[in-house]
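Engineer: Sequence and predicted model, in that order:
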Amino acid sequence: MTTLAPKTPDESKLSLAVVMGVQDSNTLGNVHGGVLMKLCDEAGGLCAAKHARRPCVTVAVDRMTFNAPVHLGNVVTFSARVTWVGRTSVETEIIVCAEDIVKGEVTHTNTAHFVYVALDENGKSTPVPPLELVTEEDHRRYAEAEQRQAFRLQLREQGKRSPVTSK
C-alpha cells in the first residue's frame, strides 16, 4: 500500500464568490437557504477533492443554521478548508459571508461542516492524505471535528439499532 504525503489545511483551502441574482431569491429578496446549501456543498466538495486529488462525494452535512439573511445582489463568499480527515473521508468547514458591495458591509451568515468520501476510478472509497496540523487553530479545528465525527458515528449506530416500521 502506498503511503500518502500529509497535506496542511492551507494547501486545500479555497473560496468561491457568487453574486446572488433573482433566480436565487424569494419574493422578499432573500436568498433561498437551499441555494446557499448547494453552494456550501460545491465549495466543500472542491476543497475535499483538492485535498484528496480525487473526486469526492457528500456523505454527511451537519446542521445548518442561518444567522442572518442573504439578500438579492449580495456577493456571497464560501470559504472552505479541511478540518479533519479519516482513512477515506474528509471534513470541510465552510464559512459563508454576504457582502453588500455598495454599503461595504460584510455579514457572517453561517458556518457549515460537510463530510465527503474520496472515490477511486471504480467509484469505490479510497484513502486520502493525512492532515498535517501546523497552527494552534488547525489543532483546535481538528479536535472539534473529531468530536463531530464521534457524534456522527454515534447517531449512525443508533440508527442501525432503531427499528423501522412501515404501514
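Structural biologist: Good, I have the coordinates. Numbering: from 1, shown residues only.
Engineer: Quick check: Ala68 touching Val106?
Structural biologist: No: Ala68 sits out of contact with Val106 when judged by CB atoms under 8 Å, with a separation of 10.7 Å. The C-beta positions use only the backbone N, C-alpha and C, and glycine is treated the same way.
Engineer: Identify the contacts common to these two.
Structural biologist: Here Ala68 and Val106 share the contacting residues Ala98, scored by CB atoms under 8 Å, 6 or more residues apart in numbering.
Engineer: Next, give phi and psi for Val96.
Structural biologist: In terms of degrees, to the nearest 10, the main-chain angles of Val96 are phi -110, psi 130.
Engineer: I'd guessed it sits against Phe78; true?
Structural biologist: Yes: counting by CB under 8 Å, Val96 sits close enough to Phe78 to count as a contact (5.7 Å).
Engineer: Please identify every residue contacting each of those two.
Structural biologist: Taking CB under 8 Å, 6+ apart as the contact rule, the neighbours common to Val96 and Phe78 are Cys40.
Engineer: Touching stretch 12-32 from outside, list them.
Structural biologist: Outside stretch 12-32, the residues touching it (CB under 8 Å, 6+ apart) are 35, 39, 42-43, 46-48, 50-51, 69-82, 98.
Engineer: Any chance of a PyMOL selection covering the buried ones in these?
Structural biologist: The PyMOL selection below is limited to those of the contacts of stretch 12-32 classed as buried (16 or more other CB atoms under 10 Å):
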select buried, resi 35+39+42+43+46+47+48+50+51+70+71+72+73+74+76+77+78+79+80+81+82+98
